[in-house]
Every structure is written in C-alpha cells, then in structure tokens.
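# Okay, here's the prediction I keep looking at, along with the sequence it came from:
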2 protein chains.
Amino acid sequence: MPSTVEEATSVLKNNHLKITKQRTAMLEFLYNTATRKFVDVTSIDNFMRKTFPNMSHNTIYRNISEFADLGIVERQVQGDRASVKFQCDFEHEHHHHFICSNCGKVIELKDCPLSKEITDQLKGCEVSGHLFQIYGLCPECAQLNK
Amino acid sequence: MPSTVEEATSVLKNNHLKITKQRTAMLEFLYNTATRKFVDVTSIDNFMRKTFPNMSHNTIYRNISEFADLGIVERQVQGDRASVKFQCDFEHEHHHHFICSNCGKVIELKDCPLSKEITDQLKGCEVSGHLFQIYGLCPECAQLNK
DNA sequence: CATTTAAATAGTAATAGTTACTAATGTTGA
DNA sequence: TCAACATTAGTAACTATTACTATTTAAATG
C-alpha cells in the first residue's frame, strides 16, 4: 500500500474518524486514479459501486466531502462536472495549477499572482482567498490532437 | 429601457436570433439584478416563472445558455451554484474579478497575472485560457459582518 | 399587408446528481 | 471482550437541468 494512502489514513485517525473498508478503498482508488489529475465525482461513484456493489451513494459523497474538509482531496468544478484530485502535500503548501482540459492532468505552478498592488485596488474589501489556474492541453493531449 | 439591454438585443439580432418577449424580459431582469454581480441560475428560474407563470424551465435555461455563447452574460460556479452575471463590455476586454463570496458583487481588476515566466514552465502544453479571481467580502458585506 | 417558414416556446416528463432517513453494522477505545 | 457511537446500506426523496413535441410567434418574403 502506497505511503500517501497511509498518510491520508493517519489524517483520518488524527481527526478521530474511523478507518473503514469503504474509506480505505476510496483512498486507494483516489490515489491510483486521481493523483496529479482531476477526476469527476460521478466516475468515482460509478467505479466504487461497480467494485463494491452494495456501497451507497451516501457513503461515497459523504466521504469525499469529509476528505475535502480534511485537505485529503481537492475539489473543483471542471467544465460542468464536480471533480476531485488527491492532495499530495498534506502540508497545504500554497500553489496553483495548470489543468489539462482534456484529461484533467495537473501541473503545479511555482508562482502566485497575488501581489500588494492588486489587493491595494480593493480598499475596504476583506480578501479571504484567490484562485489562479491555467487551462489548456497537456503535452500528451496536445500531441494526440494533431 | 436601459441602453445596455438594447445593446444585448442588437447582439441577438446580429446573430439572427429572434427578439421574443421572454428574451427581452430575461435581459431586463439580468440587467437589473445581475450587473456587476453574480446571481445564481435557480433564482433567475424562480423569478422568471413567478413573473411569467407559464414560462418553461427549458426556455430560461436555453436562453441563458445562448446569452452566454454570445457573451451577453458570463457564467460561473459560485460556491456550488451555477451563476450568471450580465456582461457590461460586449467587447470582451480581458480582465479579472474580485467576487464577494457573500453577495456575489464583482469588482474588476486591472492586472492580468499571466506572464511569460509562468507559461515558460509549461513546455509542450497548449495554453488556451486562464482564470484569476480574488474572493472575499466586499466593503458592504465586510461592514455587516462586524 | 398577407403569407410563409423556421425558430422559439409551453407543458409535460424524464434524467442525473446529490442528499435524507433509518435500521443495522462495524470500528475503536476501554 | 464489550459497549458506545460513528459509519454504512438500502431506499427514497429532492433539485437542477435537459428532452420531447405540439403549438405559437417573430420576421423575412413577396
């Protein structure tokens, strides 16, 4: 079992959540398919219920939601689908993404565009967060597209 | 009737779409409630059907979608709600937004964070777009929150 | 101005994604 | 081992959105 699934598991433990078969299976699936890649939630739902025919939607959605609250996964709307990606650094080091609009693959960017000059334009506002993302085709999908 | 609704109307005409009562009513509603502000689609649906009891969902959603294709409105997911804002400059001048996470109000930013240094990190990628948004409370909502 | 034609609409129903509920189960900590 | 309580399965409800089709209507044409 990969170490990052163990990491995620210990995050669950630290937050007094129980380690169930269902949660472990979901973490493994996410680690295998959604590392450095956004995967839409319905395909997770489909896969889990195919693999574990009597797993309920409830369980899947609730767990994804809890994983997100704990920073184990990152949520996002890709196109018009709710998507999720396994979070590699649980430290939450601040960074932004290039996201392939074809396959969902993610490349981390080093820079953060939030500067003082920008926030200075926002007198009186209480800035709480920001989003910076670049979209396009990753090298592989760009090749396929030719 | 405000001139920007007329502008939007002429966009429709230029694209050979018919000027119907329903479309005009929707444009007026959007102009009045969704200028410099994101409004969620279901509340548009609710309002239109309250005002025009026999307007079908189909019509509302289809028109929003067409308005978006023509650049008359800008679509976006706010939190987890599909939202829409009336587009002021039909020129599509490139810009980014501060968005109030409480009321949806929008403030335009002057700067664009996309630099050559950033795209240089993306060798082999085909960049097609980007998103930069700052979230927080607008001055009014920040006050109310105290 | 009357007529034609294709686009747009209303009304209804279906679909998809997500959430709610409750009894049964399973994990964890003592 | 056992008790407590979180988690789950199963079912059903709910909400947002889309599909379908007969009817209406805008606007182009003569």
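That came through, no problem.
# pull the longest strand from chain A.
Across chain A, the longest stretch assigned as strand under DSSP state E is strand A:126-137.
# got the buried residues for that strand?
For strand A:126-137, a neighbour-count test (16 or more other C-beta atoms under 10 Å in any protein chain shown) marks A:126, A:130, A:132-137 as buried. Every C-beta, even on glycine, is put in place using the N, C-alpha and C of the backbone.
# what helix or strand does residue A:99 sit in?
Using DSSP states H and E, residue A:99 falls within strand A:96-100.
# Who are the packing partners of that strand?
Under the contact criterion of 3 or more C-beta pairs under 8 Å, 6 or more residues apart in numbering or on different chains; DSSP states H and E, strand A:96-100 touches strand A:106-109, strand A:126-137.
# For residue B:97, find the nearest of those strands.
strand A:126-137 (10.2 Å; C-beta to C-beta).
# Could you pick out the residues of chain A near DNA strand D for me?
Chain A comes close to DNA strand D at residues A:17-18, A:20, A:22-23, A:52-59, A:62-63, as judged by C-beta under 7 Å from any atom of the strand.
# circling back: list the strands paired with the longest strand of chain A, with their directions.
strand A:96-100 (parallel), strand B:126-137 (antiparallel) (DSSP bridges).
# Tell me the residues of chain A that contact chain B?
A:77, A:80, A:82, A:98, A:100-101, A:107, A:109-111, A:113-115, A:117-119, A:121-139, A:142, A:145 (C-beta under 8 Å from any C-beta of the partner chain).
# follow-up on the earlier one: and the two most separated of the residues of chain A next to DNA strand D?
A:17 and A:53 (24.3 Å).
# still on that earlier bit, please state the offset of the longest strand of chain A from the chain centre?
Centroid separation for strand A:126-137 versus its chain: 15 Å, with C-alpha atoms, centre = their mean, to the nearest Å.
# Just the residues contacting that strand, thanks.
With contact meaning C-beta atoms under 8 Å, 6 or more residues apart in numbering or on different chains, strand A:126-137 is reached by A:96-102, A:109, A:112-114, A:119, A:142, A:145, B:98, B:101, B:113-114, B:118-119, B:122, B:125-137, B:142, B:145.
# Mean confidence (pLDDT) on that strand, please.
If you average the pLDDT over strand A:126-137, you get 95.
# Downstream of that strand, the next helix or strand is which one?
helix A:139-144.
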